[in-house]
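Peer 1: Next one to model:
(one chain, ligands or ions: 4)
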Amino acid sequence: MTPAQPLPRTLLPLTPVGGGARRHGSRSLATCHYRCGSACDMPVPNTTEHGHVQDEITKVVGRRRVLQGAAVLGVAGAAGSLGGLVASPVAAAEGDAASRAAAAARTTANLGTTPFRPVAPNTVDAVRTAPGFTHDVIIRWGDPILPGAPKFDARAQTPEAAVQQFGYNCDYVGLLPTTGDKALLVVNHEYTNEELMFPADTYTAEEIKMISMRNHGMSVVTVKRGLVPGSWRQVKNFKRAPQNRRIHIETPFEIDGPAAGDERLKTTADPTGREALGTLNNCAGGMTPWGTVLSGEENFNQYFDGVVPTENAAAYARYGIAGGTGRGWSSVDPRFGLGNEPNEPHRFGWVVEVDPTDPSSTPRKHTMLGRFKHEGANVVIARNGRAVAHMGDDERGDYLYKFVSAGTYAPGAGRKAKRNNMQLLTKGTLYVAQLTGDGTTDGVSDGTGKWIPLCSDTESFVDGMDVADVLVFTRLAADRVAASGDAPTRMDRPEDVEHNPVNGKVYAALTNNTQRGTTFPVDEPNPVAGNRNGYVLEMTPDRGNHAGTTFTWNLLLVCGDPSAAETYFGGFPKDQVSPISCPDNVTFDDRGNLWVSTDGNALGSNDGVFRVPVEGPERGKVQQFLSVPRGAEACGPLIADGSRSLFFAVQHPGEDDGSTFDAPYSTWPHTNDFPRPSVCVAFKAR
Ligand code: FEO
Ligand code: CA
Ligand code: CA
Ligand code: CA
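Peer 2: Ligands and ions are numbered 1, 2, ... in the order given. From the prediction side, this is the model:
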């Protein structure tokens, strides 16, 4: 690449600050800026005064292949967790002494049962695991994943190389076993931080935009078990990794479901409204029981520049689409200019489904699951066979959602079953959650809840909105329901929502909301004014029926410094837990323990991953299992392979105000003189 005009040092100018100011938690201004377009500086999109919806809303909506025998690791199908069922080649050879020893090692390595001494809060520039455990870096930003991909050179990046290499800022991590010791690692690349990606005076502004655009998306990477039980490594002989894939900003996606083809989804390049290019700001996700991956398009609003159209202006505002300079991408791809393509933003904000086993498959955007700032989606099969997806809209004061399929799940890995299951997310009913407290005199935040239907694939349940209106402008639909007096509950940033395959309950991370108590009144589900440390919500479907519309709920965790009066740890003694702040992603081991990763520790130490039993005498015993390096957030996490392996992503290491490629706050994983977001695996040390 030939340097042309020098890059302005601050590609996306940061708001001037003094002395380490923070928006929320300990998150840097840089993270806020690059990840979500400084959403916290924008007006709160949910201005619904419940029981009263603005007239503008009325006006706006008035116009207008899994391999045979493969099982899913670490996720639940109809039969519950399959994580422990995956055959190990070592187990197959049991009978000799070596195998018995290996089997014993595996047993002691179970992350759900092995006691550990918690990691102390720290600010070191390293991954630190609990004593007796260790970790490996599996793959880093820029590592080649496709045949012919050039070796990564941060000083000679090109757009062509980026789509053959592992993308930036890994977030969701899924694992799908294929054959023998191999599996497919599926990873989201949520966003880019140009300050940390590019040395000064090396690239033109246009080159930076094109390379950054292509560092978004997803990767499918073949991995293989390592020698130490629980360890994994990348398969670097790409002849043995034919399913590897980079999904990026130019990858075609099919738009399906009831809103496909809607006028508001049509653009010059796609007059059908059925084919979108690329996926953006993919945050969390989930592996489906049928072996595909769901991924949430989250802060998609920040990528569009120009002037916000007057038509549907309230809808753009409700989604935080403010135009302006955006990321300036319209200079290299006109569709990111609102003046050129006012509908392009409507083609983002969906849950996407990817079949990682078939690199030639067209991934899909499911309109049936609604459009909002999707954190992710996790599917559980209800007793009646319906596929149920729980979802969070990660915004201050926004809602929890659920989808229940019309069709039923077909077990098995055969083609017929797969054909059936790949249609499950195209028809069904979309709901939004209402949580009601039972009063605070009992000393705990708990109560009852119901799922309010918004629409099915054939019928809208929201006055004045048809099915496509509800799906394209789901936030407006939920607000409008509030106007009827049956208000969904405005939550404190609902993030990952996932069912526990062992106890059947559903857990949601509610990261934080410093405007609770001001913009949003304190209520029993959101009880802390100025909530800086977040909660973990536990929901129990009535009669264990995930497809039903009623549930009970309680806050399992009110996070923070255990010495703070408002904190709560499931009733466990507060002097025996690790401090925890800003829960973000959740997962479960094969014993049903909850594992939580954090984003933006407001207590001043690095983020991490925590284990939390949810049943029995240790319910609520929060223990920090690992911490991530400076500036990073802990993402992923996924317990897999018989609960021997904890996969996790180290996202945005070194991200802090003033931190640059040339003068970074972190150099983790210390293979270069700049930081590289990476996926790791933690396991019992030998
Ligand atoms: Fe990408 Fe909601 O965190
Ligand atoms: Ca109560
Ligand atoms: Ca997240
Ligand atoms: Ca999860």
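Peer 1: Pull up the gap between Pro669 and Ala487, please.
Peer 2: To Ala487, Pro669 is 47 Å away according to C-beta to C-beta, to the nearest Å. (C-beta placed from N, C-alpha, C; glycine too.)
Peer 1: again, but for Pro115
Peer 2: Taken as C-beta to C-beta, the span from Pro115 to Ala487 is 45 Å.
Peer 1: between those two, which one's more packed in?
Peer 2: Using other C-beta atoms under 10 Å as the criterion, Pro115 and Ala487 rank with Ala487 on top: 19 against 7.
Peer 1: May I have the phi/psi pair for that one?
Peer 2: phi -80, psi 130 (degrees, to the nearest 10).
Peer 1: near ligand 3, which residues of this protein?
Peer 2: 283, 584 (C-beta under 5 Å from the ion).
Peer 1: could you pull out the helices for the chain?
Peer 2: All helices of the chain, identified by DSSP state H, fall at 29-36, 55-62, 89-92, 97-108, 159-162, 194-197, 205-214, 313-318, 415-421, 467-472, 474-483.
Peer 1: Can you tell me what sits against the fifth one?
Peer 2: Same thing as helix 159-162. With contact meaning C-beta atoms under 8 Å, 6 or more residues apart in numbering, helix 159-162 is reached by 149-150, 152, 207, 210-211, 213-215, 248.
Peer 1: Of those, just the buried ones, ChimeraX syntax please.
Peer 2: Entered in ChimeraX, the line below selects the buried ones among the contacts of helix 159-162, by 16 or more other C-beta atoms under 10 Å:
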select :149,152,207,210,211,213,214,215,248
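Peer 1: where does the stretch 1-150 of the chain dip in pLDDT?
Peer 2: The stretch 1-150 of the chain contains residues with pLDDT under 70 at 1-25, 49-108.
Peer 1: so how many other residues sit close to the residue of it at minimum distance from ligand 1?
Peer 2: Closest contact between the stretch 1-150 of the chain and ligand 1, by C-beta to the nearest ligand atom, is at Arg35 (6.5 Å). Look at Arg35: counted by other C-beta under 10 Å, it has 27 neighbours.
Peer 1: so who does the residue nearest to it when sequence neighbours are not counted touch?
Peer 2: The shortest distance from Arg35 to any non-neighbouring residue, by C-beta to C-beta, 6 or more residues apart in numbering, is to Tyr191 (5.1 Å). Contacts of Tyr191 were listed using C-beta under 8 Å, 6+ apart, and they are 34-35, 168-169, 216, 281, 299.
Peer 1: run the last query once more with 10 Å
Peer 2: 31, 34-37, 167-169, 171, 212, 215-216, 280-283, 298-299, 302-303, 327, 651-652 (C-beta atoms under 10 Å, 6 or more residues apart in numbering).
Peer 1: In strands, which of these appear?
Peer 2: Mapping the contacts of Tyr191 onto strands (DSSP state E) picks out 171, 282-283, 651.
Peer 1: which among those residues end up buried?
Peer 2: 171, 282-283, 651.
Peer 1: Quick check: the residue of the stretch 1-150 of the chain closest to ligand 1 touching Tyr168?
Peer 2: No. At 11.4 Å, Arg35 does not count as touching Tyr168 under the criterion of C-beta atoms under 10 Å.
Peer 1: Quick check: residues of the protein near ligand 2?
Peer 2: 438, 442, 446.
Peer 1: buried ones in stretch 672-686?
Peer 2: For stretch 672-686, by 16+ other C-beta under 10 Å, it's 672, 674-684.
Peer 1: Just flag the most distant two among those residues.
Peer 2: Phe674 and Lys684 (31.3 Å; C-beta to C-beta).
Peer 1: Excluding chain neighbours, what is closest to the one residue sitting closest to the centre of the chain?
Peer 2: With distances taken as C-alpha atoms, centre = their mean, Ala284 lies nearest the centre of the chain, 1.2 Å away. In space, and not counting its chain neighbours, Ala284 is closest to Gly376: 3.0 Å by C-beta to C-beta, 6+ apart.
Peer 1: Tell me if I'm right that that neighbour and Val497 touch.
Peer 2: Yes. Using C-beta under 10 Å, Gly376 makes contact with Val497 at a distance of 7.6 Å.
Peer 1: and for these two, which residues touch both?
Peer 2: By C-beta under 10 Å, 6+ apart, the residues touching both Gly376 and Val497 are 284, 286, 389-392, 586.
Peer 1: Out of the residues you listed, which is nearest to Thr540?
Peer 2: So of the shared contacts of Gly376 and Val497, ranked by how close each gets to Thr540 (C-beta to C-beta), first place is His390, at 13.0 Å.
Peer 1: Now that closest one: closest residue in space, sequence neighbours ignored.
Peer 2: Val497 (4.0 Å).
Peer 1: isn't that neighbour right up against Gly285?
Peer 2: No. Taking contacts as C-beta under 10 Å, Val497 lies outside contact range of Gly285: 11.7 Å.
Peer 1: okay, the two: which has more neighbours?
Peer 2: A direct count of neighbours by other C-beta under 10 Å for Val497 and Gly285 places Gly285 higher, at 30 against 27.
Peer 1: give the contact list for the more buried one.
Peer 2: So Gly285 contacts 171-174, 186-188, 218, 293-296, 351-354, 374-378, 496, 585, 636 (C-beta under 10 Å, 6+ apart).
Peer 1: now with 7 Å?
Peer 2: Applying C-beta atoms under 7 Å, 6 or more residues apart in numbering to Gly285 gives the contacts 172, 174, 188, 293-296, 376.
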